[in-house]
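[1] Need the 3D shape of this:
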Amino acid sequence: MRLEGKVTLITGAASGIGLETARIFMKAGSIIAGCDYNEESLKKAQAELGDNYKIYKMDVSKHDDVKLVVDQIVKELGRIDVLINNAGITKDNFLVRMSEADFDAVISINLKGAYNVTQAVVPHMMNQRNGVILNASSVVGIYGNIGQTNYSASKAGLIGMTKTWSKELARYNIRVNAVAPGYIRTPMTENLSEKVKDLVKEKTALGRMGEPSDVANAYLFLSSDEAGYITGQVLGIDGGLTL
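    Next up is the predicted model:
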């Protein structure tokens, strides 16, 4: 199996793309360190996926707490081979209506959260002289989107960090890439109106919204030895939305 015996830390692992990634990675042989703020959802996921889905409550926005959890994961599981910075939230509004609190919340989780977790994980990967880091960006981090000043800024920032980390960490055989999904059918998008969903499908070349597995399978490829010469890249997963 492609990830036999490897340990994968996934943030936002209790639902949506994170949970589907855990399913697919476990089928590929990986042990999962599933991290999420929602402890109840983590326990529900563990009941479904079994003992190789280890659960850890983590608030990615809390720097010191993140380090404690990461150190606990390494102590219990021995190593971290793959880090997937998947945790994210939205608090959409037009620029002139967006509150400072909503701006700060999205940046704190989506952008600073990835920084916090990666900074805690990287020393362990450096000691191993091996590792893969994957960041969940978005098409809106490249092209922007009305009503998403905070979200698009956070996702653009992730691309900048991906490029920087890939240069800093290559000497340690640590690869860093990002994915840029379009509209994926997850709890984050389920509240979109049918009118908006139809408009998205109309603008997407493949004529449908993406599924969590579309992103999870991209994560799987980028984590595998088959992608061993790929670093510092942003892989669009949008069904042709941005063509």
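
[2] nearest residue to residue 152 other than its sequence neighbours?
    Closest residue to residue 152 apart from its sequence neighbours, by C-beta to C-beta, 6 or more residues apart in numbering: residue 140 at 4.4 Å. Placement of C-beta: from N, CA and C, glycine included.

[3] What is the burial count for the one you found?
    22 (other C-beta atoms under 10 Å).

[4] ok, it to residue 80 distance?
    Using C-beta to C-beta, to the nearest Å, residue 140 is found at 29 Å from residue 80.

[5] Tell me where the protein has helices.
    Secondary structure of the chain by DSSP state H: the helices cover 16-27, 39-49, 63-77, 100-106, 113-128, 140-143, 149-169, 194-203, 212-223.

[6] any idea which residue sits dead centre in the chain?
    Residue closest to the average C-alpha location in the chain (C-alpha atoms, centre = their mean): residue 86, at 1.8 Å.

[7] tell me the contacts of that one?
    For residue 86, the contacting residues are 10-13, 17-18, 21, 136, by C-beta atoms under 8 Å, 6 or more residues apart in numbering.

[8] 6 Å - rerun?
    Contacts for residue 86 (C-beta atoms under 6 Å, 6 or more residues apart in numbering) come out as 10-12, 18, 136.

[9] and which of these is nearest residue 191?
    Nearest to residue 191 among the contacts of residue 86 is residue 12, at 17.3 Å by C-beta to C-beta.

[10] wait, isn't that closest one in contact with residue 89?
    No: contact criterion C-beta atoms under 6 Å: residue 12 and residue 89 do not qualify, at 9.0 Å.

[11] and the two? which has more neighbours close in?
    Applying other C-beta under 10 Å to residue 12 and residue 89 shows that residue 12 carries more neighbours, namely 28 against 17.

[12] and the angle for the longest strand along the chain with helix 16-27?
    The single longest strand within the chain, with elements called by DSSP state E, is strand 174-181. Taking axes from the mean of the first three to the mean of the last three C-alpha atoms, to 10 degrees, strand 174-181 and helix 16-27 form an angle of 130 degrees between their directions.

[13] mind listing what strand 174-181 pairs with, with the direction of each?
    Using DSSP bridges, the strands paired with strand 174-181 are strand 131-136 (parallel), strand 234-237 (parallel).

[14] Tabulate those strands (JSON lines), appending mean pLDDT and distance to residue 223.
    Formatted as JSON lines, the strands paired with strand 174-181 follow (pLDDT from 0 to 100; distance: least, C-beta to C-beta, whole Å):
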{"stretch": "strand 131-136", "mean pLDDT": "98", "distance to residue 223": "5"}
{"stretch": "strand 234-237", "mean pLDDT": "98", "distance to residue 223": "12"}
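
[15] lowest-pLDDT helix or strand in the protein?
    Lowest on mean pLDDT, DSSP states H and E among the helices and strands of the chain sits helix 194-203, with a mean of 86.

[16] quick check, distance from that helix to the centre of its chain.
    25 Å (C-alpha atoms, centre = their mean, to the nearest Å).

[17] re earlier: just name the most buried of the helices of the chain.
    Of all these, helix 16-27 carries the top mean neighbour count, a mean of 23, counting by mean count of other C-beta atoms under 10 Å.

[18] And it, what does it pack against?
    When contacts are defined as 3 or more C-beta pairs under 6 Å, 6 or more residues apart in numbering; DSSP states H and E, helix 16-27 sits against strand 7-11, helix 212-223.

[19] The ones you listed into TSV, with extra columns for distance to residue 41 and mean pLDDT?
    Listed next are the helices and strands packed on helix 16-27 as TSV, based on distance: least, C-beta to C-beta, whole Å; pLDDT from 0 to 100:
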stretch	distance to residue 41	mean pLDDT
strand 7-11	13	98
helix 212-223	15	98
